[in-house]
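S.K.: A structural model of the following input is requested.
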Amino acid sequence: MQTFSELVTSRKAWIAGELIPWCRRAQLTDLKLAELEWGDIAGKVDPEKSLWFWAWSRFPALVHAELMGIDETREVQLRLQDGRVARGFPDARQSKQGQLVLIARDRARPKRHDQQGPFSIDEISAVELA
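M.R.: Down below sits the predicted model:
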């Protein structure tokens, strides 16, 4: 690389080709370690809008691409590795560091809402719109 433009192009290619795919498949322990060094790895970007958004984007139904975060507006159904199923609206404020919290409607008592989780990103096998 001889020019700044080439350096920028190379960095963008590394982020798109290496860093984002890694975040989408990394285990929670590795994601937490990466967060500690995120400034050195990714530069001056918010880990919530990069590392954790990219990690959660392994489940496209869970994220809002334009907001670069967990989408709280759509009810989802989680399928967990152990066969359990959970259903509710993601709570982005409570969902931190690879732990997802859902707010579920109590069908028997419509005015009541229950918290489900937190569910580790590692224990979730699939997320679908409910």
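S.K.: Pull out the buried positions in stretch 60-71.
M.R.: Neighbour-count burial for stretch 60-71, counted by 16 or more other CB atoms under 10 Å, picks out 62, 63, 68, 69, 70, 71. Glycine gets a C-beta too; all of them are placed from N, C-alpha and C.
S.K.: hang on, isn't the last one packed against residue 63?
M.R.: This means residue 71. Yes: when contacts are counted by CB atoms under 8 Å, residue 71 is listed as touching residue 63 (5.9 Å).
S.K.: With adjacent residues omitted, what lies nearest to residue 55?
M.R.: residue 23 (4.8 Å; CB to CB, 6 or more residues apart in numbering).
S.K.: Report all helices and strands that the helix or strand hosting that neighbour contacts.
M.R.: Assigned by DSSP states H and E, residue 23 falls within helix 20-25. Counting by 3 or more CB pairs under 8 Å, 6 or more residues apart in numbering; DSSP states H and E, the packing neighbours recorded for helix 20-25 are helix 51-56.
S.K.: What helices and strands are in contact with the helix it packs on?
M.R.: So helix 51-56, by 3+ CB pairs under 8 Å, 6+ apart, packs with helix 20-25, helix 28-36.
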